[in-house]
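[1] give me a 3D structure for the following:
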Amino acid sequence: HQRWSVKTGADAGAANLVTQLPVAGTIAGMVGLAVPAVLPPDARSPGAEETVWELNATLTGYKHESDGDYHLVIADGQGNTMIAEIPDPAALAPGSFFAPQITAARQAFDNQFGLQLAAAAQSAAAPQFAAAAMVPALILASESVTVRGLGFFDFAHGQDGVAPNAIELHPVISIEFHGPATAAPLPQA
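    Numbers count the residues shown, from 1 in each chain. Now for the predicted structure:
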């Protein structure tokens, strides 16, 4: 739970983002951002973390993590990946400015993939751990999505889909599903 108030939009700086219009971005642009010299434990770093981003991407995988977050791997047509996380609304830091949006994003994801998550959790859990209901392995997907979320620099620690600079959308405050992803065109030689 490092930087949990920032990850869940409960830090003081998140108040400034509530009415901010989303900035259209790309995964390639996001993974190219410089990591700030300082990542304050309870505050946002200037720039990307002070921005609500909107990305059109392909959801390539997801899982339910032990901290309750839905971990999403999103990708672009050039092979760049990054993480987007939808926190568990019941585990948000107190005072999250985005609790209603996070709850709605979580519900939208459950409506789209909840049955797959539940089935994977049930098959992955040993009987003595059935109550855990977490999915340890990534479930592969290929879904075109539009994701809105707050910029967040995490620390790389072997996460599935982590960007080279560990930039994420955390928390995700909106996700729209547009159907199966189409194959990206190959670059011309």
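
[2] I'd guessed D11 sits against S45; true?
    No: with contact defined as C-beta atoms under 8 Å, D11 does not count as touching S45 (11.0 Å). Where C-beta positions appear, they are placed from N, C-alpha and C, glycine not excepted.

[3] between these two, point out the one with more neighbours.
    D11 (24 against 18; other C-beta atoms under 10 Å).

[4] mind listing what the nearest residue to M30 once chain neighbours are set aside touches?
    If you skip the residues right next to it in sequence, M30 has I167 as its closest partner in space, 5.0 Å away by C-beta to C-beta, 6 or more residues apart in numbering. Counting by C-beta atoms under 8 Å, 6 or more residues apart in numbering, I167 touches M30, V31, L33, A48, M82, G151, F152, F153, D154.

[5] next SSE after the lowest-mean-pLDDT helix or strand in the chain?
    For the chain, scoring each helix and strand by mean pLDDT, DSSP states H and E identifies helix 99-124 as the least confident one, at a mean of 84. Sequence order places strand 139-153 as the next helix or strand after helix 99-124, per DSSP states H and E.

[6] per-residue pLDDT, the most centrally placed residue in the chain?
    Nearest to the centroid of the C-alpha atoms of the chain, with distances taken as C-alpha atoms, centre = their mean, sits A84, at 1.5 Å. We have a pLDDT of 98 for A84.

[7] what's the answer for the one 10 residues further on, then?
    Looking at P94, its pLDDT is 95.

[8] number of nearby residues for the closest residue to it other than its chain neighbours?
    Among residues not flanking P94 along the chain, A10 sits closest, at 6.5 Å (C-beta to C-beta, 6+ apart). By the criterion of other C-beta under 10 Å, A10 has 20 neighbours.

[9] isn't there a helix covering A10?
    No: counting by DSSP: H, G, I helix; E, B strand; the rest coil, A10 is located in no helix; its state is coil.

[10] and it, what does it touch?
    A10 touches W4, L92, A93, P94, G95, S96, F97, counting by C-beta under 8 Å, 6+ apart.

[11] setting the sequence-adjacent residues aside, check what's closest to the first one.
    When the adjacent residues along the chain are set aside, W4 lies closest to A93, with 5.2 Å between them (C-beta to C-beta, 6+ apart).
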